[in-house]
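test case, fold it:
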Amino acid sequence: MGLSLRLSSNGERGIDGVSGIGKLLLIGGGLTMVMGAALLVAPRAPFLGRLPADIFIHKDGVACYFPAVTMILVSIVLSIVLNLAPRFFH
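Predicted structure coming up:
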């Protein structure tokens, strides 16, 4: 049983039935739980935010930190996961 979208007479998209809304709430709740778990585990990953090419500038009492390599690494991992996820759930 899939989630069905419909076009109303004025061209707007909508979700058919209350079960569709329930599915969306479950998916949203699941994503919130995964994000929360990731935030709890992230401080225990010693390499995140401390990779060799991450930029840290400290001058005159002002610190600027730009975790460029960490962001690239997280982007690659998320791209792989989000591209593989539909194959497992389809």
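
identify the residue spatially nearest to Pro52, adjacent ones excluded.
Val69 (7.0 Å; CB to CB, 6 or more residues apart in numbering). Where you see a C-beta, it was placed from the backbone N, CA and C, and this is true even at glycine.

which ones are touching the one you found?
Contacts here follow CB atoms under 8 Å, 6 or more residues apart in numbering; on that basis Val69 touches Leu51, Pro52, Ala53, Asp54.

can you say which of the residues you listed are buried?
Buried members of the contacts of Val69, scored by 16 or more other CB atoms under 10 Å: none.

and the residues you listed, which two are the farthest apart?
Farthest-apart pair in the contacts of Val69 is Pro52 and Asp54; separation 7.3 Å (CB to CB).

circling back to that earlier point, doesn't the residue nearest to Pro52 lie inside a helix?
Yes - applying DSSP: H, G, I helix; E, B strand; the rest coil, one finds Val69 inside a helix.

pull out the buried residues from the longest helix seen in the chain.
Criterion DSSP state H: the longest helix present in the chain is helix 17-41. Neighbour-count burial for helix 17-41 flags Gly20 (criterion: 16+ other CB under 10 Å).

show me what the helix or strand following it pairs with in its sheet, parallel or antiparallel.
Next along the chain after helix 17-41, taking DSSP states H and E as the criterion, comes strand 55-59. For strand 55-59, the pairing partners within the sheet under DSSP bridges are strand 62-66 (antiparallel).

which other residues reach the strand it pairs with?
Asp54, Ile55, Phe56, Ile57, His58.

where does the closest residue to the second one other than its chain neighbours land on pLDDT?
Excluding its sequence neighbours, the residue lying closest to Ile55 (CB to CB, 6+ apart) is Phe66, at 4.2 Å. The model reports Phe66 with a pLDDT of 89.

flag the shaky bits of this structure, pLDDT-wise.
1-17, 89-90 (pLDDT under 70).
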